[in-house]
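>>> Please work out how this folds:
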Amino acid sequence: MPVNIPRELPARGVLEDENVFVMSSERAEHQDIRPLRLAILNLMPTKIATETHLLRLLGNTPIQIEVTLLHMGSHSSRNTPPEHLSAFYSTFDCVRDQRFDGLVITGAPVEQLPFEKVDYWGELVELLDWSREHVYSTMNICWGAQAALYRRYGVPKYPLEKKMFGVFEHEVLDPTTKILSGFDEVFPAPHSRHTEIRADDILAVPELKLLSTSPEAGVYLVGSTDNRDFYVTGHPEYERDTLKLEYDRDVARNLPIEVPRKYFPGDDPSRAPRVTWRSHAFLLYANWLNHSVYQGTPYDLNDVPPVDLTALYI
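This is a model prediction of the structure:
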């Protein structure tokens, strides 16, 4: 089954060219099936690229998905045309009375700020709290993962001496968990961040479990013990040239940046990067949609059981 997205969304043409199964709303309405309702809170400045990254992964499963794109109403985006946001996005205020099977929260280039100094932090806190009763399962990415762990469990982030930048190997710590079903014992994934969360802080929270780490990049995947919420510190959704574009941008700005590790052949930025992480990215999202969303969410979204973490909120 396909991902159901508007016919005019720019990502649609890219995905169709890649033979990813997408469907229009008109066709979906004629199918006697309840699609999964999925919201994507897109905090990235390059929203159109991020839409394509995520929809590519979500469209590679046998489950029909209806996607709602969200942006922060309290933040003014400078890198996405207002016409695009108006045509394809909603704000949290527009959906606060709705319920969703799943929610994806992306990363954001604000990790070097204290959480409370981010201009939309208040709105994001409200959305995270709202999701406990209105969303069955969440997937939180990079800064989005750090923000959710901080809000829900008080897990801090720590500055790194230099940017964690490149493609790193990760180890599966619990091969029996469904989110890692079919994974190799060691798998690659991209990282691009200036801060980290630490294993000791995760292990100190009984409601969390550490699922995958990297000898170089540290904590990678954290899950809740009820298997409803996941936190990914890297960017498995990245395309072939995403790290290259970040590297070229920083070089052009004369910013201190190292060549992303284990990304270019021979660590030579004049050579085309190779994709080594795509199969695991597809598998991660397929496992999440199947085992954590589809197999658990009630048919009637009004019956979504809330998760009581009130005592843990900071």
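>>> Next up, phi/psi of Phe168, please.
Main-chain dihedrals, Phe168, degrees, to the nearest 10: phi -120, psi 150.
>>> In contact with it, which residues?
Neighbouring residues of Phe168 by Cβ atoms under 8 Å, 6 or more residues apart in numbering: Pro188, Ala189, Pro190, His191, Ser214, Glu216, Ala217, Gly234, Arg261, Lys262. Just so you know, the C-beta spots here come from the backbone N, C-alpha and C atoms, and that holds for glycine as well.
>>> Check the burial of Leu127 by counting its neighbours.
If you count neighbours by other Cβ atoms under 10 Å, Leu127 ends up with 24.
>>> Would you list the phi and psi of it?
phi -70, psi -40.
>>> and it, what does it touch?
With the criterion set at Cβ under 8 Å, 6+ apart, Leu127 makes contact with Leu41, Phe92.
>>> Only the buried subset of the contacts of Phe168, as a ChimeraX command please.
To isolate the buried members of the contacts of Phe168 in ChimeraX, using 16 or more other Cβ atoms under 10 Å:
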select :188,189,190,191,214,217,234,261,262
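>>> so where is this structure shaky, pLDDT-wise?
Low-confidence segments of the chain (pLDDT under 70): 1-5, 11-12, 15-16, 18-33, 308-314.
>>> The residue most central in space within the chain: what's it in contact with?
A centroid search over the chain (Cα atoms, centre = their mean) returns Ile141, at 3.6 Å, as the residue closest to the centre. Neighbouring residues of Ile141 by Cβ under 8 Å, 6+ apart: Val104, Ile105, Thr106, Gly107, Val232, His235, Glu237.
>>> out of those, who's nearest Gly266?
Set against Gly266, the nearest of the contacts of Ile141 by Cβ to Cβ is His235 (22.4 Å).
>>> From Ile105, how far out is the residue nearest to the centre of the chain?
7 Å (Cβ to Cβ, to the nearest Å).
>>> Check Val135 too.
10 Å.
>>> Got phi/psi on the residue nearest to the centre of the chain?
phi -120, psi 130.
>>> i'd like the first residue to be 36 from this point on
Taking 36 as the first residue, the last one we looked at is Ile176.
>>> Tell me which stretches of the stretch 136-285 of the chain form strands.
Assigned by DSSP state E, counting those that start in this stretch, the strands in the stretch 136-285 of the chain fall at 170-176, 193-207, 221-231, 243-249, 253-259, 264-267.
>>> For Thr115, find the nearest of the ones you listed.
Comparing the strands of the stretch 136-285 of the chain by Cβ to Cβ, strand 170-176 comes nearest, at 17.8 Å.
>>> ok, back up a step: put together CSV for the contacts of Ile176, with neighbour count and distance to Asp235 on each row.
As requested, those are arranged in CSV below (neighbours: other Cβ atoms under 10 Å; distance: Cβ to Cβ, whole Å):
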residue, neighbour count, distance to Asp235
Val139, 24, 27
Ile140, 26, 24
Thr141, 23, 26
Gly142, 25, 23
Val267, 26, 19
His270, 23, 24
Glu272, 28, 28
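>>> Tyr282: which of those residues is nearest?
His270 (13.9 Å).
>>> Identify the residue nearest the closest one in space, chain neighbours excluded?
Pro225 (4.9 Å; Cβ to Cβ, 6 or more residues apart in numbering).
>>> How about the one you found: which residues does it bridge to?
Val202 (DSSP bridges).
>>> what's the first-to-last distance across stretch 94-102?
11 Å (Cα to Cα, to the nearest Å).
>>> What residues of that stretch count as buried?
So for stretch 94-102, counting by 16+ other Cβ under 10 Å, buried means Gly94, Asn95, Thr96, Ile98, Gln99, Ile100, Glu101, Val102.
>>> what does stretch 176-187 give?
Those would be Ile176, Cys177, Trp178, Gly179, Ala180, Gln181, Ala182, Ala183, Leu184, Tyr185, Arg186, Arg187, for stretch 176-187 by 16+ other Cβ under 10 Å.
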